[in-house]
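*Asks:* okay, here's the prediction I keep looking at, along with the sequence it came from:
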Amino acid sequence: MSLDQLIYNCQKNDTKAQSELYELFSSKLFSICLKYSRNYAEAEDNLQDSFITIFKKIKQYKNKGSFEGWLKRITINTALQRYRKQKVFDIVNEDAIEDEEVDIDENDVSLEFLLSCIQELPDRYRLVFNLYVLDGYSHKEISEMLEINLGTSKSNLARARMILKEKITTYTSGNNSQSL
């Protein structure tokens, strides 16, 4: 069955088609949920909530643009909605911090370690980091999505990078001294 036919059947509330769509996209969307969640269980909740929204709104998809992109936007917005409700972006006095790049040697740091470091970031830093670095949104788009000002977005990204750099430096220096 073609993707267009599958979408059409989902729009007609065909549960078999919905199950097939879930099987087709759940692993990709789950990886997005993991990036925006504190842990595995929260990512599972976000995936479930995302598919509920997807099936509720699938009639709004008009076959314009990437269907996978449409699914991704819903998934990210579903995860962000959880944090908007929790008010993780309360106004905080953010001092201007110099934004620094984090260089990572893939031989020193595993993807699992990096993901766990990102998941451990405070919510507001993790969300901005993921949106900017991993998903390519601009600070202007992030400020609109998260309902924060532009400066807060930039400051949160800088702080996230600083925390990640410290964790990675500590981890790699600990591993290097063990291997000597």
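*Replies:* Cool, the structure landed. Residues are numbered from 1 along each chain as shown.

*Asks:* measure the residue nearest the centre of the chain to residue 43 for me?
*Replies:* Nearest residue to the geometric centre of the chain (Cα atoms, centre = their mean): residue 36, 3.6 Å. Separation of residue 36 from residue 43 (Cβ to Cβ, to the nearest Å) stands at 8 Å. Where you see a C-beta, it was placed from the backbone N, CA and C, and this is true even at glycine.

*Asks:* likewise for residue 170?
*Replies:* 25 Å.

*Asks:* these two: which has the busier surroundings?
*Replies:* Higher neighbour count among residue 170 and residue 43: residue 43, with 21 against 10, using other Cβ atoms under 10 Å.

*Asks:* does that one touch residue 29 like I think?
*Replies:* No - the pair residue 43 / residue 29 is not scored as a contact, 9.8 Å apart, by Cβ atoms under 8 Å.

*Asks:* about what we covered before: ok, the residue nearest to the centre of the chain - contacts?
*Replies:* The contact partners of residue 36, taken as Cβ atoms under 8 Å, 6 or more residues apart in numbering, are 43, 46, 76, 79-80, 126-127, 130.

*Asks:* repeat the analysis, applying 6 Å as the threshold.
*Replies:* Taking Cβ atoms under 6 Å, 6 or more residues apart in numbering, we find residue 36 in contact with 79, 130.

*Asks:* do a quick rundown of the helices in this protein.
*Replies:* Taking DSSP state H as the test, the helices found in the chain are 3-11, 15-36, 40-57, 67-86, 111-120, 123-129, 139-146, 150-179.

*Asks:* which of those sits most buried?
*Replies:* Using mean count of other Cβ atoms under 10 Å, the stretch among those with the largest mean neighbour count is helix 123-129, at a mean of 23.
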